[in-house]
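Enquirer: Just the structure for this:
(chains A and B, ligands or ions: 2)
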Amino acid sequence: MNIYVRLVYRNLRANLDKASLFFELVFPLFFIFVQGPAIGGTGLQLDLGGKIVGYAEYLATGAVTLTVINGGTNAGTQLWFDRKNGMFEQLLMGPFTRAQYILSIILATLIIGVVGSLLVFAFAFPVVGAGIAFTLRGQLLIAAALFLGTVFFGSFAITLSVALRSSETFQVVSTFAFFIFLFTSSVFFPTGSAPLAIQIVSLGNPLTYTTDIFRAGIFDALTPLVSLELLVLGLEAVVMFVLAVVAFRRIRV
Amino acid sequence: MTEDGPAVLVDQLSRSFGDKVAVDRVSFAIDRGEVFGFLGPNGAGKTTTIKMLTTLLPPSSGKATILGHDLATEGRSIRPRIGVVQQQDSFDQGLTVETSMDIYGLIWDVPKAERRRRIEELIDRFGMQEFRKTPTIDLSAGQRRRLQVAREFIHDMDLFFLDEPTVGLDPIVRRSVLDYLKERVKGGLTIFFTTHVLEEAEYLCDRIAVINQGRIVEIDTPENLKRRFGSAKEVEFKLLQGTSKEMAAALATLDGVTHQAQDEGSGVYRVTTSSPESVIPGIYRLAERLNLTVSSIYIAETTLEDAFINLVTDAKHAESNAGEA
Ligand SMILES: Nc1ncnc2c1ncn2[C@@H]1O[C@H](COP(=O)(O)OP(=O)(O)OP(=O)(O)O)[C@@H](O)[C@H]1O
Ligand SMILES: [Mg+2]
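Expert: Ligands and ions are numbered 1, 2, ... in the order given. Down below sits the predicted model:
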């Protein structure tokens, strides 16, 4: 059996943090079924590059990308568990390379992130349903958003988990970062109409791009900006991945 | 794999952490099928040496060949042929004992049927029936240690590094683990073993290296270490008549006695000597001459611990003398 298949299977079986996984899947449902319809009930509608969608639909798609960032955190937890339990060193003395091990964590995270998003999406479907446009182009955009978003947030979590050795600091800092990413992104509101400071921060925020690209894919609402956003997200994901690898190589044994 | 040549060949291997020299130019060779003990006080550099030889930690300088492969460049060929029980715990927290062994075998690419067979054997040999379905996170420290040693036998290996594997094991399990290791050595396994329990080292090891402050002080068989560095032996005896002044005076004249004392309360005489075989008949002769009867006599054997303490404290003396000079 392929070495990555074996390692990824092990990561999923041994290190899946079931409590946070539950939180990850349930948390977005509040946005889809509570906040979205409630605010949507006021008649609020938003313009996605020429396509008008209701707020409930808008937020439901945002809730899916919220799962991406949540799923990414799992990469940090996996590595953190392995270091705490002495499995990190054990695996590095096994028939693997460091590169194979870190890639297996990213791959496991991709599975968690993408499968999680699709599950949440299945719930969001009745809400978003009417507006969905199934096109090949749209599906490629959805795939790209989920993939690049998970790679970014997975790598980010790995870097944090290497930098912060204690479990408490890792939890606090990653939760804090989670809220920063969340509230300066286009998950809840279109950043274009937010105060200038938030607009500026949101321009660097990969969650903005993940969400925008995902929405563009779902509603097939393509603006000229989308390809630029794709480029920026791709770059951010690559840079973060390299950072994670560098951090990872520096782990003291 | 290269079948000939030693299992481990280490040449002037060193490792520093900043200014601290943890391992200082150590050299040794381990034959295939040998059990090599690595003894030394806390902080001597045992774990650091193991981390280097298992490719976890790059050496600062020096060379090593493991199973015929160069440590510096062929880590990928070395790792599939070795097993390691680290000094620290290592376990998959989300799994039960049985599943964790199975998944460990899986990542080592052991076929499923073989995994099943080995798990049953190991659970039996390491006495883990009772907790085979227990999540590893709920195990006691000794149970977890047992699992950690057993788990390594799921995969094939030619060379096994064990860093204080018996810490926390009860005496019965400890003995059965050591016996299992011995059995596997008969099957061709080479073992690199560290422990602070010297009887254990003596029981298991063909040769022992004593390391202190990063440097190897001695390498020899346990027997030779005891003979060369063990203290003089102590002969203890009692007289039917209790203590006697004449006896004490006479003992002082006996050849080979370096020190003697008697305990008025218990009536025990203690005689320190390096040649008990000539001193014991001497004691009987003296007793006869003084019309006394020896009611009990025995020799306290030198232990490896004795030799170890002498070696390590002597090395410290040598070090501080060198420092003063
Ligand atoms: N990562 C590290 N950074 C700095 N110093 C280290 C590091 N690892 C080990 N040392 C130092 O190197 C020396 C040797 O440590 P090592 O763990 O090899 O000792 P040991 O012989 O295994 O001791 P013990 O019997 O306590 O396990 C110690 O002085 C230790 O403080
Ligand atoms: Mg140690």
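Enquirer: so how far is B:Q241 from the residue of chain B most remote from its centre?
Expert: Distance from the C-alpha centroid of chain B, by CA atoms, centre = their mean, peaks at B:N291 (47.3 Å). In this view, B:N291 and B:Q241 are 9 Å apart by CB to CB, to the nearest Å. Just so you know, the C-beta spots here come from the backbone N, C-alpha and C atoms, and that holds for glycine as well.
Enquirer: ditto for B:T253
Expert: Distance of B:T253 to B:Q241, given as CB to CB: 20 Å.
Enquirer: Equivalent analysis for A:A122, please.
Expert: Per CB to CB, A:A122 is found 97 Å from B:Q241.
Enquirer: Look at these two and report which has more neighbours.
Expert: Neighbour count, other CB atoms under 10 Å in any protein chain shown: between A:A122 and B:Q241, B:Q241 has more, with 14 against 10.
Enquirer: To which secondary structure element type does the more buried one belong?
Expert: When classified by DSSP: H, G, I helix; E, B strand; the rest coil, B:Q241 comes out as coil.
Enquirer: pretty sure it contacts B:A287?
Expert: No. B:Q241 is beyond contact range of B:A287, at 9.4 Å (criterion: CB atoms under 8 Å).
Enquirer: quick one: common contacting residues for the two?
Expert: B:T293 (CB atoms under 8 Å, 6 or more residues apart in numbering or on different chains).
Enquirer: Put the alpha carbons of stretch B:150-162 into CSV.
Expert: In CSV, the C-alpha atoms belonging to stretch B:150-162 read as follows (Å, rounded to 0.1, in the frame of the first residue of the first chain):
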residue,chain,number,x,y,z
ALA,B,150,5.9,-5.0,22.3
ARG,B,151,4.7,-2.8,19.5
GLU,B,152,8.2,-2.6,18.0
PHE,B,153,8.2,-6.3,17.4
ILE,B,154,5.3,-5.9,14.9
HIS,B,155,7.8,-5.1,12.2
ASP,B,156,11.0,-6.9,11.2
MET,B,157,14.3,-5.4,12.3
ASP,B,158,18.0,-6.3,12.5
LEU,B,159,19.0,-3.8,15.2
PHE,B,160,16.9,-2.8,18.2
PHE,B,161,17.7,0.3,20.3
LEU,B,162,16.1,0.4,23.8
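Enquirer: who touches the residue in the stretch 1-150 of chain A that chain B sits nearest to in this structure?
Expert: Proximity of the stretch 1-150 of chain A to chain B (CB to the nearest CB) peaks at A:G86, 3.4 Å away. A:G86 makes contacts with B:Q86, B:Q88, B:D89, B:S90, B:F91, as judged by CB under 8 Å, 6+ apart.
Enquirer: mind listing which of the residues you listed are in helices?
Expert: Judged by DSSP state H, helices contain none of the contacts of A:G86.
Enquirer: from the residues you listed, which is closest to chain A?
Expert: Among those, and counting by CB to the nearest CB, the member closest to chain A is B:S90, at 3.4 Å.
Enquirer: What separation is there between the closest one and A:L107?
Expert: Taking CB to CB, one finds B:S90 at 22 Å from A:L107.
Enquirer: now do A:R252
Expert: Using CB to CB, we find A:R252 at a distance of 25 Å from A:L107.
Enquirer: okay, these two: which has more neighbours?
Expert: Using other CB under 10 Å as the criterion, A:R252 and A:L107 rank with A:L107 on top: 18 against 7.
Enquirer: For the stretch 101-250 of chain A, which residue gets nearest to ligand 2?
Expert: Closest contact between the stretch 101-250 of chain A and ligand 2, by CB to the ion, is at A:R165 (20.1 Å).
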